[in-house]
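Colleague: My questions concern the predicted model and sequence given below.
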Amino acid sequence: SGWQKLFCAQAFLKHRVCLATFPLCCSLAQGGIEKKGGGMVFSAFCVLAVCLPVAVVHCAVTMPYIYGDDMVLQTNAEYGARAFFNGQAKPGEKVTIQESEGASYEVYADPSGDWIVQLDPGHTGKGKTFTVHGEDGPTLSFKNVLFGDVIFCSGQSNMVFPTKLTLNASEEIASAADPLYTNFRLFTVPNHFAPTPQNNTQKANWVALSPQTVPDFSAVCFMTAKRIARLHTGTRPMGLIFSAWGGTRIEAWMRPEALATCEKQGHTVPVAKAQNERSVLWNAMVAPLAKVSVRGALWYQGEANADQHLASGDDRTAYYACMLQSMISDWRAMKGIGDFYFGVMQLPPSVPPSTDPKQQTGRPEIRAAEAQVLPHSGGLTDISGMAVTIDLGGASAWGWDHPLDKNDMSFRLALQTVHSAYAVQGRIAEQYGTKPYVTSTWTGPVDPKAVFDPAQSGQVSISFSGVDNSTDGLHMADVKNCTTCCISSTPFECSADEGKTWVSVHPVVQGSTVLLRSAQASSFTHVRYAWTDFVQCVLVNVDHLPAGPFVVPVTKQQKFAAVAAAAEEEKEEMMTLRKRPVARPAVREGTLTRPPMGTNTWNFYHCNVDENIIKSLADAISTNGMKDAGYEYINIDDCWQVGRTANGTIIPDPVRFPSGMKALADYVHSK
């Protein structure tokens, strides 16, 4: 029947079995289906009966649509990853890849028909041609292939939001013709969902950036990459893969294994349908690209989860924090290139400024979950960044939940990316493209601590880490479209009962410290900041980058003598360490029974290495028998340092090793 022929054809297309017949008769063999409970259940195979005359043609090698003319492959240069080709062929078939003016590669398809090959470290420069062919069948040819940086942009409607609707849209669209972006390429993954992981996306192709191709492309994806180029990469090719769908929840973008990680921690995944059903967007819009190397990923999502009804008793912040970090970890694991950079756009306001601040929209809780992605000692996610956008609310053609100013949002995400993905420290200056150039630190105030000092009765002081001058010029500032603004609003609240109730307290900014003065100061247990959907007034630095929302406990200040004694003790300990003689390995007599053995991070991870990867290596070596076999060393080969102090001391990268190298060494040695 017609449906039987359709099913048979679909099965053969899915498994890439190729037949050329004339005429062709297709039917399901009796063994292909069976009745069960009155319904029809398909077996795992479909048998074709082919009527003669027939000409059988062997299957050709196939590859996902992401591989095509004008594509950009990830360069290995400057903290990059290795590039791969992957596809399908007959099980055991030899696949040959030839690079114009370059190397040739051979690989054999595995028993499932899948194959993958690592390319030599790429470099930027003129376009290349690659050909791919199997033992027989046609040859695939990819022309004008560039090596540069590949960025994967995903999420829901605010990532979908097109350039033609953003602030200063005509200017942004016209900028696509700037010679600085000549080597930008765009790839849009068509919306599609599937019940199982797919080998390929729906049909799509790479296009060159131009004023004609950018209007309907993601504003955040394009403008973030554009600012990265102005700040750091210049004319280096940039491949932007845009895979997003409006109104979708994070669970749809996650593999079942990643969801199971959170379910084991007690979180219940709500039932959803269509494109919001668990894992269906991973299957259709991420899995086909899982082996494509990237410089990093940009994520703008969370609105649908803020509105999501959770199981009774499930904490919204804990739920989304688990989902987001589990998804990041799993996406990284599936690519197999180490911990590539992951940038998050923290949710901006979603309501008009006149909205009652007590109205519950779930945005503060999602923002708090997103902030947990930032690198911190003992954290689950390193090599990450987050753009704070609580001051950029406003209505667009798509409403208040889709702020117009994607321009400033993208600039902030670009600053985070240049710092975290490219390890640029301190103030970051634009240096490419047309003037004027902008210089900015990469973050607003971070790492808040609230202290009550009995010697300063009547006030709680809030300090920040001051990393890279991020606390220079602190002051309170009105947000866009504010109504009550700073003159009659405050984003600071204090609680005297462990967060059950809150009272507003107006701040006094003194240098890099915020003072909250109140007769109840001695009884305050917690301070929170910007804990509403629309925030009227924010704390910003000299570059007008705001502090992100936070809730912190109030600690009681130690007496001065105790603090001084602790500082003196720490100083003496450091002096002792400096005087300690350097340990030298003992000279061994005779022939060694085995050489020193261990693992070198560069061989697999290159620069995508952080403290969580090193810990996982130590855990594996100590439990899988390698330690007993004599493997004793983990060598972190490059990319862990960002510079030296004036006296020559190496500075570890705080994005990759937030706990510090001593803490990491102590962990490894404990194994």
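Modeller: Happy to help now that I have it.
Colleague: Let's verify the nearest residue to Gln372 once chain neighbours are set aside: helix, strand, or coil?
Modeller: Spatially, and ignoring its direct neighbours in sequence, Gln372 is nearest to Ala321 (4.6 Å; Cβ to Cβ, 6 or more residues apart in numbering). Backbone N, C-alpha and C define where each C-beta goes, glycine included. Following DSSP: H, G, I helix; E, B strand; the rest coil, Ala321 is assigned to helix.
Colleague: now swap in Phe142 and tell me
Modeller: At Phe142, secondary structure determined by three-state DSSP is strand.
Colleague: tell me which residues form a beta bridge with it?
Modeller: Beta-bridge pairing for Phe142 (DSSP bridges): Phe130.
Colleague: Contact partners for it?
Modeller: Tyr67, Gly68, Asp69, Met71, Thr129, Phe130, Thr131, Val132 (Cβ atoms under 8 Å, 6 or more residues apart in numbering).
Colleague: Look up how far Met597 lies from the second one.
Modeller: For Gly68, the distance to Met597 under the criterion Cβ to Cβ, to the nearest Å works out to 43 Å.
Colleague: Would you map the helices across the stretch 201-350 of the chain?
Modeller: Using DSSP state H, counting those that start in this stretch, the helices found in the stretch 201-350 of the chain span residues 219-228, 256-263, 280-281, 303-306, 316-335.
Colleague: Residue ranges in the stretch 551-671 of the chain under the pLDDT threshold?
Modeller: Along the stretch 551-671 of the chain, segments meeting pLDDT under 70 span 558-592.
Colleague: Kindly recompute the last result at 90.
Modeller: Where the stretch 551-671 of the chain drops to pLDDT under 90, the residues are 556-596, 602-607, 630, 637-639, 642-649, 651.
Colleague: For it, just list every one of the strands.
Modeller: 597-600, 631-635, 641-644, 650-652 (DSSP state E, counting those that start in this stretch).
Colleague: Could you dump these into JSON lines and include mean neighbour count?
Modeller: Formatted as JSON lines, the strands of the stretch 551-671 of the chain follow (neighbours: other Cβ atoms under 10 Å):
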{"stretch": "strand 597-600", "mean neighbour count": "14"}
{"stretch": "strand 631-635", "mean neighbour count": "14"}
{"stretch": "strand 641-644", "mean neighbour count": "14"}
{"stretch": "strand 650-652", "mean neighbour count": "14"}
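Colleague: Now render the ones you listed as a markdown table, adding distance to His402.
Modeller: Listed next are the strands of the stretch 551-671 of the chain as a markdown table, based on distance: least, Cβ to Cβ, whole Å:
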| stretch | distance to His402 |
| --- | --- |
| strand 597-600 | 47 |
| strand 631-635 | 46 |
| strand 641-644 | 37 |
| strand 650-652 | 40 |
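Colleague: so how far is Pro652 from Leu140?
Modeller: 44 Å.
Colleague: ok, now Gly660?
Modeller: 6 Å.
Colleague: and if you look at Asp330?
Modeller: In terms of Cβ to Cβ, Asp330 sits 27 Å off from Pro652.
Colleague: swap in Ser112?
Modeller: Applying Cβ to Cβ to Ser112 and Pro652 gives a distance of 42 Å.
Colleague: what do you get for Gln425?
Modeller: Counting by Cβ to Cβ, the gap from Gln425 to Pro652 is 12 Å.
Colleague: overlap in contacts of those two?
Modeller: Shared contacts of Gln425 and Pro652, counting by Cβ under 8 Å, 6+ apart, come down to Val642.
Colleague: pLDDT below threshold where in the stretch 301-450 of the chain?
Modeller: 307-314, 377-379, 433-436.
Colleague: from memory Asp344 sits against Gly296, does it?
Modeller: If you look again at residue 344, you'll see it is Val, not Asp. No: the pair Val344 and Gly296 fails to qualify as a contact (Cβ atoms under 8 Å) at a distance of 11.1 Å.
Colleague: Kind regards, and thank you for your time.
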